[in-house]
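Undergrad: Curious how this folds, go ahead:
(one chain, ligands or ions: 1)
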Amino acid sequence: MTDITINAAFDSGNIEVLAVSGATATLAIRKDKDSDFFQWFHFRVAGAAGRELVLKITGLAASAYPGGWTNYNAAVSEDREFWGRAPSSYDAAEAGGTLTIRYVPQGSLAWFAYFAPYSMERHHDLIAAMALEEGVEHRELGYSLDGQPIDCLELGEGAKQVWLYARQHPGESMAEWWMEGALGCLTDPADPVGRKLRRLCRFHVVPNANPDGSCRGHLRTNAAGVNLNREWASPSADKSPEVLCILQAMDQTGVDFAMDVHGDEAIPHVFLAGFEGIPAWSEGQQAGFDRYKTILARRTPDFQTRHGYPVAGPGRANLTMSTNQLAQRFGCTSMTLEMPFKDNDDLPCPAQGWSPERSVQLGRDCMAALLEWLEG
Ligand code: ZN
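TA: The predicted structure follows:
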């Protein structure tokens, strides 16, 4: 039998081929440029029809989140529309930590990724479609180190300044799927939640804060290997122009409500992280965040409040992270939304795990929760 071939020379591709024998491949993930982070992978396999592929991604004990690989199944697609899951197993003792993916494609081609990818082409399709919607204004807040625009969509006639931004960590592609749901709600003329929100708020939506990392197939950093969600205390034009231009725009509008959209590698649940531990923390500000969590948990079974990150003690907040910086800077209700790479273990879906479709739905549910929160 001929050997399969493996390729990642495309938008958001990332894999290194160490060896191929028949339908078995030994692989490794390339580090983010000028960084030690790695976890995102995305590649295609050719010559695979009807054969059981055995794909071994090695060296994962050194990845950014080794805890992400247990109880994890790789995302797979043959038509690049529907993303299912391929049975995968992790052995920490094999070749420096190995994820073994097994899958039998029907056709000759199959794509594998850490999560269903969200390409820059799809990003431009989203921006173009939304910019054509009535009442939507598009502006470029600035440019990435590679010269890509930082796109922002603005809509609504209300007084509340709402900022939604995603993909500071480019490998967390579920964050931009979430944006499709949120923007779909806000721009659908038949959606009463969107119509009401547009009366109450002015929305500023940045669907992709890190286009360079997205193109380059990075997990966590931009073209200079900088983790953008550690730049918010003092962003700079030479290291983090993406954050600099967003924060400057926020300073112009002010911020009443902010949501930073992410994915979490290890925790199999959807959760929110807040701004406990900022110097300016107050009970009233905290109550606003807690109330949003309560509303969202009631509105969707895909959200919960039992599992999440440890809360920072008084005065211990990291102000280089956007949620803390914005809560401190503007006194606003600010939060980080985390979706799983794995699944919501309270409501698992064996076929797809956490998926683009569920991320889109959560985006809509988060907008409905925002309306209830504003009216409460
Ligand atoms: Zn993240």
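
Undergrad: does any bit of stretch 214-222 sit next to the ion?
TA: No: Stretch 214-222 lies out of reach of the ion by Cβ under 5 Å from the ion, never closer than 7.1 Å. From N, CA and C alone the C-beta is placed, and that goes for glycine too.

Undergrad: which residues in the chain form helices?
TA: Taking DSSP state H as the criterion, the chain carries its helices at 120-131, 174-187, 192-200, 211-216, 241-253, 283-299, 322-330, 356-375.

Undergrad: who does the last one touch, helix- and strand-wise?
TA: This points to helix 356-375. Helix 356-375 sits against helix 174-187, helix 192-200, helix 283-299, strand 333-340, with contacts defined as 3 or more Cβ pairs under 8 Å, 6 or more residues apart in numbering; DSSP states H and E.

Undergrad: thinking again about what came up before, adding mean pLDDT, write the helices of the chain out as CSV.
TA: CSV is the format used below for the helices of the chain (pLDDT from 0 to 100):
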stretch, mean pLDDT
helix 120-131, 98
helix 174-187, 98
helix 192-200, 98
helix 211-216, 98
helix 241-253, 98
helix 283-299, 98
helix 322-330, 98
helix 356-375, 98
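
Undergrad: quick one, what contacts the closest residue to N318 other than its chain neighbours?
TA: Spatial nearest neighbour of N318, excluding adjacent residues (Cβ to Cβ, 6 or more residues apart in numbering): N324 at 5.9 Å. Applying Cβ atoms under 8 Å, 6 or more residues apart in numbering to N324 gives the contacts W232, F275, G277, I278, A317, N318, S334.

Undergrad: if we look at the ion, which of those are close to it?
TA: Among the contacts of N324, no residue sits close to the ion (Cβ under 5 Å from the ion).

Undergrad: okay, now the residue of the stretch 51-200 of the chain found nearest the ion: neighbour count?
TA: Using Cβ to the ion, the closest approach of the stretch 51-200 of the chain to the ion is made by H169 at 3.5 Å. H169: 29 surrounding residues under other Cβ atoms under 10 Å.

Undergrad: Backbone dihedrals for it, please?
TA: Torsion angles at H169 (phi, psi; degrees, to the nearest 10) stand at phi -100, psi 110.

Undergrad: for the spatially closest residue to L18 that is not a sequence neighbour, what are its contacts?
TA: Ranked by Cβ to Cβ, 6+ apart and with sequence neighbours excluded, the top spatial neighbour of L18 is T26, at 4.4 Å. Going by Cβ under 8 Å, 6+ apart, T26 touches V17, L18, A19, V20, K56, T58, A95.

Undergrad: and with 10 Å instead?
TA: E16, V17, L18, A19, V20, V54, L55, K56, I57, T58, A95, T98 (Cβ atoms under 10 Å, 6 or more residues apart in numbering).

Undergrad: Which ChimeraX command selects the buried ones in these?
TA: Remark: buried members of the contacts of T26, expressed as a ChimeraX selection using 16 or more other Cβ atoms under 10 Å:
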select :16,20,54,55,56,57,58,98
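
Undergrad: can you tell me which of the contacts of T26 are in strands?
TA: Per DSSP state E, strands hold the following members of the contacts of T26: E16, V17, L18, A19, V20, V54, L55, K56, I57, T98.

Undergrad: Farthest pair within those residues?
TA: With Cβ to Cβ as the measure, no two of the ones in strands among the contacts of T26 lie farther apart than E16 and V54, at 17.1 Å.

Undergrad: Write out the residues of the protein neighbouring the ion.
TA: Proximity of the chain to the ion (Cβ under 5 Å from the ion) is limited to residues H169, E172, H262.

Undergrad: In a markdown table: those residues, plus distance to D238 and pLDDT.
TA: A markdown table is the format used below for these (distance: Cβ to Cβ, whole Å; pLDDT from 0 to 100):
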| residue | distance to D238 | pLDDT |
| --- | --- | --- |
| H169 | 20 | 98 |
| E172 | 25 | 98 |
| H262 | 25 | 98 |
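
Undergrad: ok so, going back, out of the helices of the chain, which comes closest to D146?
TA: Comparing the helices of the chain under Cβ to Cβ, the one sitting nearest is helix 211-216, at 4.4 Å.

Undergrad: Mind giving me the packing neighbours of that closest one?
TA: Using 3 or more Cβ pairs under 10 Å, 6 or more residues apart in numbering; DSSP states H and E, the elements in contact with helix 211-216 are helix 120-131, strand 149-155, helix 241-253.

Undergrad: Would you mind giving the contacts of T26 as CSV with pLDDT added?
TA: Formatted as CSV, these follow (pLDDT from 0 to 100):
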residue, pLDDT
E16, 98
V17, 98
L18, 98
A19, 98
V20, 98
V54, 98
L55, 98
K56, 98
I57, 98
T58, 98
A95, 98
T98, 98
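
Undergrad: which among the contacts of T26 gets closest to I150?
TA: Using Cβ to Cβ, these come closest to I150 at E16, 29.8 Å.
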